[in-house]
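A.B. asks: 3D model of this:
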Amino acid sequence: MSAEAQNVRELLRQVKYPGFSRDIVASGFVGDIEASDGEVSLQFKPMTSNAEKILTMEREMRSVLEGAGYSKIEIRRLKYATDIPLRSADDLAKELDSAKWSSRPPGGNAPDKKQEIPSSRPMTPLQAEMLEDGEVPEPDTLAKELGRLDVAPGAGYGPGGPNPLSGPRENLKYEVSLPVLQWDIDPHNADAKTCQHEIKLDDWDYRVWWQVHKSGDVYYVSMQAMKEDWVDHSNNAVPHPIGRSEAVNLVFDEKRNAVVAIYGTVRDFRPFVKAFELAYGIETGAQGGPDNQEAAKQ
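C.D. replies: So this is what the prediction gives:
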């Protein structure tokens, strides 16, 4: 994306999704953007059927862009089908195995990308991404066996709801003398020392929150990384409703100046450690740390 197109994307953050505090960019409504010499062309993908809200957003988009000096503005509205069921993995597999998909590239198990993907029903973003990578999404065999996603008798989940499994807490009486510091953390404690910062690294926005243990040297940190996802997969898949989001928790020991625990389901913890380091530097004024959130973007 060009620098000018990125600037247009930032300008459009001024436009709110009517009725919400979230802007249209963060909501994933803005797709591809082309901008140069006072002209801008962009994709607009409102995930609402409310015509009044759509017209309000388009009117405000034009107002913002005209105020920035753009004289020719083209807004290409894309409509997504949200009132019909998504295409299941079984449906997709049948379509790929039909005569229409008989031609496959050598060594691949997905159709030639030059052919159009059937559009009887939209796919999920994950299905579309797998297909584009040359993999055919497999049916969820577990869901097929269970019949219902909320029924798993072996795990204590029956048609009437979950049945708690037995455990030592029901039959064993004991006293805990060993302190568990994490149990002292209460996000609702107004007297506790807490802090929150927003950090931007690459294309990800990090929200960093922590509470300092009453001992004064152990930080319990919760972080969420968010990234807008406006890839539309040739308008064949529904978009991610709120973009991509990943979460990590860590424990920072101020005396040792080290992270002593970190956990989450992300592929790489290092960006999260860096985001906390930047936020900690902002809060403490640590030597060599950025003075503000804007510096963290560099």
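A.B. asks: okay, CA-based contacts and neighbour counts for the rest of this
C.D. replies: Noted.
A.B. asks: Which residues are in contact with residue 33?
C.D. replies: Residues in contact with residue 33 (C-alpha atoms under 8 Å, 6 or more residues apart in numbering) are 1, 5, 8-9, 40-43.
A.B. asks: The same query, at a cut-off of 7 Å, please.
C.D. replies: Each residue near residue 33 by C-alpha atoms under 7 Å, 6 or more residues apart in numbering is listed here: 5, 41-43.
A.B. asks: which ones among the residues you listed are found in strands?
C.D. replies: 41-43 (DSSP state E).
A.B. asks: Of those, which is the nearest to residue 248?
C.D. replies: Lowest distance from residue 248 to those (C-alpha to C-alpha) belongs to residue 43, with 32.7 Å.
A.B. asks: Could you report the pLDDT at the nearest residue to residue 39 once chain neighbours are set aside?
C.D. replies: Closest residue to residue 39 apart from its sequence neighbours, by C-alpha to C-alpha, 6 or more residues apart in numbering: residue 72 at 4.8 Å. Listed pLDDT for residue 72 reads 93.
A.B. asks: my read: residue 72 touches residue 40, true?
C.D. replies: Yes - counting by C-alpha atoms under 7 Å, residue 72 sits close enough to residue 40 to count as a contact (6.4 Å).
A.B. asks: if you count what's nearby, which of the two comes out ahead?
C.D. replies: Neighbour comparison, residue 72 and residue 40: the larger count goes to residue 40, with 19 against 14 (by other C-alpha atoms under 10 Å).
A.B. asks: Name the helix or strand for the nearest residue to the more buried one once chain neighbours are set aside, please.
C.D. replies: Residue nearest to residue 40 in three dimensions, not counting chain neighbours: residue 73, with 5.1 Å by C-alpha to C-alpha, 6+ apart. In this structure, residue 73 sits in strand 72-77 according to DSSP states H and E.
A.B. asks: tell me which residues in that strand are buried?
C.D. replies: Residues of strand 72-77 classed as buried by neighbour count (16 or more other C-alpha atoms under 10 Å): 73, 75, 77.
A.B. asks: partners of the nearest residue to the second one once chain neighbours are set aside in the sheet?
C.D. replies: Closest residue in space to residue 75, ignoring its immediate chain neighbours: residue 42 at 5.3 Å, by C-alpha to C-alpha, 6+ apart. Per DSSP bridges, residues listed as beta-bridge partners of residue 42: residue 33, residue 75.
A.B. asks: mind listing what residue 42 touches?
C.D. replies: Counting by C-alpha under 7 Å, 6+ apart, residue 42 touches 31-34, 74-76.
A.B. asks: try 10 Å
C.D. replies: 5, 8-9, 30-35, 73-77 (C-alpha atoms under 10 Å, 6 or more residues apart in numbering).
A.B. asks: Including distance to residue 277, could those residues go into a markdown table?
C.D. replies: Converted to a markdown table, the contacts of residue 42 look like this (distance: C-alpha to C-alpha, whole Å):
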| residue | distance to residue 277 |
| --- | --- |
| 5 | 31 |
| 8 | 31 |
| 9 | 28 |
| 30 | 32 |
| 31 | 32 |
| 32 | 33 |
| 33 | 34 |
| 34 | 36 |
| 35 | 36 |
| 73 | 42 |
| 74 | 42 |
| 75 | 41 |
| 76 | 41 |
| 77 | 41 |
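A.B. asks: beta partners of residue 221?
C.D. replies: Beta-bridge pairing for residue 221 (DSSP bridges): residue 210, residue 250.
A.B. asks: cool, the one 4 residues further on as well?
C.D. replies: Beta bridges link residue 225 to residue 206, residue 246, judged by DSSP bridges.
A.B. asks: Report the contact partners of it.
C.D. replies: 198-201, 203-208, 244-248, 271-272, 275.
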